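Trainee: return a 3D structure for these sequence lines:
(chains A and B, ligands or ions: 2)
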Amino acid sequence: MMIEFLQTLGKNTRASFTKLGRATFFLIQTVSGTASVLPRPRLLLKQMYSVGVLSFLIITISGLFVGMVLGLQGYYTLSDFGAEETLGVMVAASLVRELGPVVSALLFAGRAGSALTAEIGLMKATEQLSGMEMMAVDPIKRIISPRFLAGLLSMPLLAALFSAVGIIGGQLVGSGLLGVDEGAYWSQMQANIDFQDDIINGVLKSLVFGFVTSWIALFEGYDSVPTSEGVSRATTRTVVNSAFSILGLDFILTALMFGDD
Amino acid sequence: MDKSVSPQNSLVSVRHLTFTRGDTKIFDDISMEFERGKITAIMGPSGTGKTTLLKLIGGQLFPNQGIINIDNKNVHQLRRADLYSLRKRMGMLFQSGALLTDMNVYDNVAFPLREHTHLPESMIRTLVLMKLQAVGLRGARNLMPNELSGGMARRVALARAIALDPMMIMYDEPFTGQDPISKGALVHLIKSLNNTLGLTSIMVSHDVQETTAIADYIYVISGGKIVGQGTPQEIKQSTSEWVQQFMTGAADGPVHFHYPAKDYVDDLLSSGKRY
Ligand SMILES: Nc1ncnc2c1ncn2[C@@H]1O[C@H](COP(=O)(O)OP(=O)(O)OP(=O)(O)O)[C@@H](O)[C@H]1O
Ligand SMILES: [Mg+2]
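Mentor: Ligands and ions are numbered 1, 2, ... in the order given. As a prediction, this is how the structure comes out:
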């Protein structure tokens, strides 16, 4: 009983470590493959379109609602202290520092990450990747690296879009519905949001999330068992592992960035 | 017996190859020679490892033992860059076609040209249309892979495999799924590619008639061993039970139709644990 448990534990640990090894090797190849993407901007643009632009709608709508909720909740709390003028600061800080990068990364993992895994997994299952290898075209350079770069670059842009739309949503609710002074909403925000502390750090976060989410999504697809079931499992793993990584990393990054002022 | 294959003149040589997958020995110490400018066919029952052999030759799988030389270079010891430049001179027709599903027929055939040459688009267009004409699918150039039938997809894949005018080409069951007319056209095409371009061809096929019609030399493999080899004439007259069974398609003989299993009646009558 005990022995069996230990055996399974040992086996699983070993499997996780070898998978981590494969993932690291894959990442190294992918990152070094990005050099060959740069001379071919069209490959990158096409992927930016499919991972980035096609996520616009979901990001915009979600950003708007999150901002509106922040406006409501912020107003209820702040008005207890007579501080509703600072609603703009609260909404913007929450979005730029936390919710923008985190929620847009979670949406990105669900919308674009899962699609990437399924696409790569199916390409593997239908021998398109080994076909490419036999045509002397490296699938990492031709297929994986452009998608990786596109995910990495799209993430901060999508997070910025999310935050911008959210701030507008907060303002619509705050001053449109609840009567916070519009001038105060914007000027308080301008005065109290710091470029270095808030905006740059938010962008850094979303770069990290874009890196990790794209890595997970592409690796899971590339490493999937080449059958329909294997691809569907890999897709699920992408979403789950990305969510864990995003939330865990967010805690670490927040502690590092906003720790002591 | 006249062994017309001499190692001196072979482009690809397989020497003492052993390859296992899990506990199954797919190949057990086999040696083969594929002569320059000739069509060499590999025949054998389904699941013996014909596709596996092509992948070993292409350097996508690694042998457990033995070596594979192409043009006097050991494929599995080449550096990556050298392997890739060797592959540019090798065409491979996958059993499944392996077309890129996000591109139409035209772009699929143009793919290797665009990746490996700096030819202007007008030249690429000419080449692509020539290759498509050769497989009879010039009119299908705007179709997407999911709009093709299995046989058509394979012909597009063939056009793509010859796009770079390789020195050798490996066909994995080119005739499967083809009607008699396109089968005939493909036989003719494979033969004429061989004659006019001096291509070395390795062809995996089950079609006894087509294969004996165009192959210069045939290997019959089964159970990880070579069970027969020779010119089509010799193969037809072979007295080996293995070869005879395969050529005549008898259900009974040394080759079993069934994948190894326990006794059928026992299996049906056993308690049948479900899994
Ligand atoms: N990825 C794999 N993992 C494990 N075993 C495999 C794998 N691919 C093939 N095999 C096994 O290797 C053996 C040979 O397969 P292969 O595809 O080379 O057969 P084949 O001779 O091409 O058959 P067919 O004529 O049906 O195409 C089969 O018994 C198969 O079960
Ligand atoms: Mg096969």
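Trainee: now residue 204: phi and psi?
Mentor: Defaulting to chain A. Backbone torsions for residue A:204, taken as degrees, to the nearest 10, come to phi -60, psi -50.
Trainee: ah, no, chain B please
Mentor: The phi and psi values for residue B:204, taken as degrees, to the nearest 10, are phi -100, psi 130.
Trainee: who's in contact with the nearest residue to it once chain neighbours are set aside?
Mentor: Leaving aside its chain neighbours, residue B:204 sits nearest to residue B:50 (4.3 Å; criterion: Cβ to Cβ, 6 or more residues apart in numbering or on different chains). C-beta here means a position set from N, CA and C on the backbone, and glycine is covered the same way. Residue B:50 makes contact with B:42-44, B:172, B:204, B:221, according to Cβ atoms under 8 Å, 6 or more residues apart in numbering or on different chains.
Trainee: what secondary structure does the residue in the stretch 101-250 of chain A that ligand 1 sits nearest to sit in?
Mentor: Evaluated by Cβ to the nearest ligand atom, the stretch 101-250 of chain A has residue A:226 as its residue closest to ligand 1, separated by 8.2 Å. Judged by DSSP: H, G, I helix; E, B strand; the rest coil, the three-state class of residue A:226 is coil.
Trainee: that one contacts residue A:128, correct?
Mentor: No - Residue A:226 is beyond contact range of residue A:128, at 10.5 Å (criterion: Cβ atoms under 8 Å).
Trainee: which of those two has more neighbours?
Mentor: Shown here are residue A:226 and residue A:128; by other Cβ atoms under 10 Å in any protein chain shown, residue A:128 has more neighbours (23 against 16).
Trainee: would you list the phi and psi of that one?
Mentor: phi -70, psi -40.
Trainee: mind checking pLDDT for it?
Mentor: Note on residue A:128: pLDDT of 93.
Trainee: ditto for residue A:41
Mentor: At residue A:41, pLDDT is 89.
Trainee: got a list of what it touches?
Mentor: No contacts exist for residue A:41 under Cβ under 8 Å, 6+ apart.
Trainee: once you drop chain neighbours, what's closest to the residue in the stretch 1-150 of chain A that ligand 2 sits nearest to?
Mentor: In the stretch 1-150 of chain A, the residue that lies nearest ligand 2 is residue A:127 (11.3 Å; Cβ to the ion). Nearest residue to residue A:127, sequence neighbours excluded (Cβ to Cβ, 6+ apart): residue B:98, at 4.1 Å.
Trainee: excluding sequence neighbours, find me the nearest residue to the residue of the stretch 1-150 of chain A found nearest chain B.
Mentor: The nearest approach of the stretch 1-150 of chain A to chain B comes at residue A:131, 3.3 Å away (Cβ to the nearest Cβ). Of all residues not flanking residue A:131 in the chain, residue B:98 sits nearest, at 3.3 Å (Cβ to Cβ, 6+ apart).
Trainee: helix, strand or coil for the one you found?
Mentor: What three-state DSSP gives for residue B:98 is coil.
Trainee: now the helices for the stretch 1-150 of chain B?
Mentor: Ranges of helices within the stretch 1-150 of chain B are B:50-57, B:80-88, B:105-116, B:121-134, B:150-161, based on DSSP state H, counting those that start in this stretch.
Trainee: hang on, the earlier thing: export the contacts of residue B:50 to TSV and tack on pLDDT, neighbour count and distance to residue A:123?
Mentor: Conversion of the contacts of residue B:50 to TSV gives the following (pLDDT from 0 to 100; neighbours: other Cβ atoms under 10 Å in any protein chain shown; distance: Cβ to Cβ, whole Å):
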residue	pLDDT	neighbour count	distance to residue A:123
B:42	93	27	27
B:43	90	26	31
B:44	86	24	29
B:172	91	24	19
B:204	93	22	23
B:221	90	25	30
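Trainee: follow-up on the earlier one: okay, the helices of the stretch 1-150 of chain B, which one's buried deepest?
Mentor: Across the helices of the stretch 1-150 of chain B, averaging neighbours per residue (mean count of other Cβ atoms under 10 Å in any protein chain shown) puts helix B:150-161 on top, at a mean of 24.
Trainee: helices or strands next to that helix in the packing?
Mentor: Counting contacts by 3 or more Cβ pairs under 8 Å, 6 or more residues apart in numbering or on different chains; DSSP states H and E, helix B:150-161 is packed against strand B:90-93, helix B:105-116, helix B:121-134, helix B:180-197.
Trainee: contacting residues around residue A:82?
Mentor: If a contact means Cβ under 8 Å, 6+ apart, then residue A:82 has no contacts.
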